[in-house]
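[1] need a 3D model of the sequence below.
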Amino acid sequence: MIEQLVEQIEQRFGEVQEEMVDPAITGDRQRFAELGRHYAQLAPAQKLAEEWRRAQDDAAGARELLEEGGEDDAELREMLETARTRIAELEEQIRLAMVERDPHDDKDVIVEIRAGAGGDEAALWAGDLFRMLTRYAEKRGLRAEPLSAGDGTYTVEVKGDGAYSVFKYEGGTHRVQRVPETESQGRIHTSTATVAVLPEAEEVDVQIDQNDLDIDVYRSSGPGGQSVNTTDSAVRITHKPTGLVVSMQDEKSQLQNRERAMKVLRARLYELKVAEQQAEVAADRRSQVGTGERAEKIRTYNFPERRVTDHRTKLTVHNLDQVLQGELDDITGSLQDADKRRRLEEQAARGTI
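    The predicted structure is shown next:
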């Protein structure tokens, strides 16, 4: 079975390499970009396949020498055992490398952060999460563009190759345990904020009938300059069939606010569409966000102990300050590994790997 998988990797990798130097394809920017992404996805598996071949050769050579009279050679026996152990490790890694990708992984995302339980402290915590995730995007070479911010509610667009694959694990209730600045008795409070991660949809993904929209304009109530509060620049769009409502007021231009609101609405509608098609609870925005109650959580940030615990993988790290500065790679890595193993089990059950 693993031999067939290695041959499949080698064959497909070779085909992609040939296509990438084909003049007919290099002139097609879209096709060449698609091949580039496919090449990047296959390259780690190809490297593992090469190492697996070398380990197989090492094992075969050691066996041959042992059979030729080297049964008492401890070094040869150790070489064979080391090669066998490495082969087993590589086979697991190769299977994980070939797990089917989430079809949304390459998409840009819209991240919505809202204060949950905890009043003013929850609103402050939502702001902390907004800054943490924005810094994380920057550290991963992604572009974070705030769409709206304030009053415990933040919306940010994250663009870049694989943005959804990085941010999809942040969806859910984030719980904080700390002493608020306004707490005179030094008591620890527990507050929450919810995060929803929406793969961004193109117009071809979601067709919106303009007749299904109610669009209201009104004067912005937030900061932003003299003209913000004196003109009807804020926009509220209601999608009548679903009842979804999106409001934007941070830009001075009504047109800009409308474009941003439509972008968020399209992403929300796309997620609903995907949830219906896949019938997966995890794809539903409500399953990510929950109610925001303190008992609902994907991750806890404990300030007194300077620790962060992700409850999905049971991983605990003790570098809270660094995490809040966007150092989330260890947490994301453990979640990606767990997700790959789950997908591998599902593919194995279907007999597709």
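[2] where along the stretch 51-200 of the chain do the helices fall?
    Assigned by DSSP state H, counting those that start in this stretch, the stretch 51-200 of the chain shows helices spanning 74-97, 119-139, 163-167.
[3] if you compare those, which one is most tucked away?
    Counting by mean count of other C-beta atoms under 10 Å, helix 163-167 has the highest mean neighbour count of these, with a mean of 23. All C-beta atoms are positioned from the backbone trio N, CA, C, and that covers glycine.
[4] for the stretch 151-300 of the chain, give me the ranges with low pLDDT.
    For the stretch 151-300 of the chain, the stretches with pLDDT under 70 are 203-204, 222-230, 277-296.
[5] just the strands in the chain please.
    Using DSSP state E, the strands of the chain run over residues 109-115, 143-150, 153-159, 172-178, 189-199, 213-218, 234-239, 244-248, 299-302, 307-310, 315-317.
[6] nearest to Leu65, of those?
    Among the strands of the chain, the nearest to Leu65 by C-beta to C-beta is strand 315-317 (43.6 Å).
[7] buried sites along the closest one?
    Within strand 315-317, the residues scored as buried using 16 or more other C-beta atoms under 10 Å are Leu315, Val317.
[8] again with stretch 247-262
    Residues Ser247, Met248, Gln249, Asp250, Glu251, Gln254, Asn257, Arg258, Arg260, Ala261, Met262 are the ones in stretch 247-262 that count as buried (16+ other C-beta under 10 Å).
[9] go on, stretch 188-198?
    His189, Thr190, Ser191, Thr192, Ala193, Thr194, Val195, Ala196, Val197, Leu198.
[10] so who does the residue lying closest to Lys273 once chain neighbours are set aside touch?
    Counting by C-beta to C-beta, 6 or more residues apart in numbering, the nearest residue to Lys273 once its immediate chain neighbours are dropped is Val206, at 6.5 Å. Val206 makes contact with Arg266, Leu269, Tyr270, Lys273, according to C-beta atoms under 8 Å, 6 or more residues apart in numbering.
[11] Glu64 versus Gln207, what's the distance?
    Noted for Gln207: a distance of 64 Å to Glu64, by C-beta to C-beta, to the nearest Å.
[12] go on, His239?
    69 Å.
[13] more neighbours: the two, which one.
    His239 (19 against 11; other C-beta atoms under 10 Å).
[14] who does the more buried one form a beta bridge with?
    In this entry, His239 is beta-bridged to Leu213, Leu244, by DSSP bridges.
[15] that one against Leu265, yeah?
    Yes: counting by C-beta atoms under 8 Å, His239 touches Leu265, with 6.1 Å between them.
[16] what is in contact with the two at once?
    Common neighbours of His239 and Leu265 (C-beta under 8 Å, 6+ apart) are Ile208.
[17] coming back round to it: which ones among the buried residues of stretch 247-262 are found in helices?
    Under the assignment DSSP state H, the buried residues of stretch 247-262 contribute Gln254, Asn257, Arg258, Arg260, Ala261, Met262 to helices.
[18] list just the nearest of those residues to Gln322.
    Nearest to Gln322 out of these is Arg260 (C-beta to C-beta; 31.8 Å).
[19] from Ile94, how far out is that closest one?
    According to C-beta to C-beta, Arg260 stands 43 Å off from Ile94.
[20] residues in contact with the closest residue to Thr26 other than its chain neighbours?
    Counting by C-beta to C-beta, 6+ apart, Phe32 is the residue found nearest to Thr26 once chain neighbours are left out, at 5.7 Å. Each residue near Phe32 by C-beta under 8 Å, 6+ apart is listed here: Met20, Ile25, Thr26.
[21] may I see those residues arranged in TSV, with distance to Glu7, pLDDT and neighbour count as well?
    As requested, the contacts of Phe32 are exported to TSV (distance: C-beta to C-beta, whole Å; pLDDT from 0 to 100; neighbours: other C-beta atoms under 10 Å):
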residue	distance to Glu7	pLDDT	neighbour count
Met20	21	89	15
Ile25	24	84	15
Thr26	27	80	13
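[22] make a markdown table out of these and add distance to Arg86.
    Formatted as a markdown table, the contacts of Phe32 follow (distance: C-beta to C-beta, whole Å):
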| residue | distance to Arg86 |
| --- | --- |
| Met20 | 31 |
| Ile25 | 37 |
| Thr26 | 38 |
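[23] any idea which of those residues is closest to Glu75?
    Checking the contacts of Phe32 against Glu75 by C-beta to C-beta gives Met20 as the nearest, at 43.4 Å.
[24] surely that closest one meets Glu34?
    No: Met20 lies out of contact with Glu34 (C-beta under 8 Å); the separation is 10.5 Å.
[25] re earlier: what two of the contacts of Val206 are the furthest from one another?
    Pairwise distances among those were taken by C-beta to C-beta; the largest, 10.3 Å, belongs to Arg266 and Lys273.
[26] what touches both of these two?
    Common contact partners of Arg266 and Lys273 (C-beta under 8 Å, 6+ apart): Asp205, Val206.
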